[in-house]
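Trainee: Sharing a model prediction with you, sequence too.
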Amino acid sequence: MKNINDLPRVSLGVFPTPFYKLESISAKYGKNIWIKRDDMCGVALGGNKVRKLEFLLADAKAQGCDTVFTTGGAQSNHAMLTAACAARLGMQCVLPLKKRGVTEHLGNLILDDIYGAQVKFIDTDRYDDIYAEMDRMSAELAKEGRKAYHIPVGGSTPLGALGYVNCVREFTAQAEEAGVKIGHIVSATGSGGTTAGLLLGAKLYQPGVKVTGMGVDDDPFEEIVPTLAAGAAELLEVPFERTPDDFQMVYHLGQGYAIPNAEDTPYIEELARMEGILLDPVYTGKAW
Ligand SMILES: *Cc1c(COP(=O)(O)O)cnc(C)c1O
């Protein structure tokens, strides 16, 4: 087995992030609900993509790349955080984004600009078209002697998933210190890398603990998540063996990806008012 600490990683976030019990919510529902505050990871507005990018951008650096391409919807958190992290490492960031939904200059598109990324809208609903465009744009850059690194949507590759293996390692130590035994790990699932990392991390550091992904998109995550987890296990040179109850998906998509669910609003407001925590309506709000 390889030690995850020995794999190339650049330091981008402020870790460990807090891990604590939601006292008021736990009391209300009669359960012990703890939260891992990766929204507080210290880059831009925070979020789960930073742990993935620590591994992915280390790989980009090791390959001598000076430009990073990634993609997502117009309001992609992953694209925005890649822009922030690439800028910090002195790399140019290019974002060919899906031109579907709202492309007004709002929200993360403003932040993409602040972080100096080059945004280009591609009029397609298929990521394969965008990856083809990335190849074309990278070939142009290569003529100028530049070298591009491609990160697929959400940073959900086996290498990216290692970020969440590392997260389990981190909160395992925090749980031990707090004297709490974890029974079940739950996260939102949008492209699968986070849940995959949690699944492998649970096997390594929290054996017997079940992982549930809350699907906020309608991809077949029952297959995607274990496949990514197995790929991450290969990088660490550890076996990945499924057990009957290790992982399940629960879908809570509503009208579709990135369309807020009206029925979620009271729960988002409850967490905000009882614990001071803001969720988003695309991922964490639906999962919650
Ligand atoms: C991307 C994202 C997720 C989903 O993570 P995946 O690894 O893509 O499944 C969850 N929450 C937030 C806030 C995100 O930006």
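Mentor: Yes, it's here.
Trainee: Output the below-cut-off pLDDT ranges for this structure.
Mentor: Regions of the chain meeting the criterion pLDDT under 70 are absent.
Trainee: Which residue ranges of it form strands?
Mentor: 19-21, 34-36, 67-70, 92-98, 118-122, 148-151, 184-189, 210-215, 247-251 (DSSP state E).
Trainee: can you list those in TSV and add mean neighbour count and distance to Glu234?
Mentor: C-beta coordinates here come from the backbone N, C-alpha and C atoms, glycine included. Putting the strands of the chain into TSV (neighbours: other C-beta atoms under 10 Å; distance: least, C-beta to C-beta, whole Å) gives the following:
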stretch	mean neighbour count	distance to Glu234
strand 19-21	16	28
strand 34-36	18	25
strand 67-70	25	23
strand 92-98	23	28
strand 118-122	16	32
strand 148-151	22	19
strand 184-189	20	21
strand 210-215	22	19
strand 247-251	16	18
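Trainee: Export these as TSV, with columns for distance to Ala262.
Mentor: As requested, these are exported to TSV (distance: least, C-beta to C-beta, whole Å):
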stretch	distance to Ala262
strand 19-21	29
strand 34-36	24
strand 67-70	31
strand 92-98	25
strand 118-122	29
strand 148-151	33
strand 184-189	18
strand 210-215	18
strand 247-251	17
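Trainee: can you list those in a markdown table and add distance to the ligand?
Mentor: Below are those laid out as a markdown table (distance: least, C-beta to the nearest ligand atom, whole Å):
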| stretch | distance to the ligand |
| --- | --- |
| strand 19-21 | 17 |
| strand 34-36 | 12 |
| strand 67-70 | 12 |
| strand 92-98 | 14 |
| strand 118-122 | 17 |
| strand 148-151 | 12 |
| strand 184-189 | 4 |
| strand 210-215 | 7 |
| strand 247-251 | 11 |
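Trainee: Please name whichever of the ones you listed is nearest to Cys167.
Mentor: The closest of the strands of the chain to Cys167 is strand 34-36. By C-beta to C-beta, the value is 6.9 Å.
Trainee: Same question for stretch 130-147: list its buried residues.
Mentor: 130-131, 133-134, 137-138, 141 (16 or more other C-beta atoms under 10 Å).
Trainee: ah, wrong one, I meant stretch 39-59
Mentor: Of the residues in stretch 39-59, 39, 41, 43-44, 46-59 count as buried by neighbour count, 16+ other C-beta under 10 Å.
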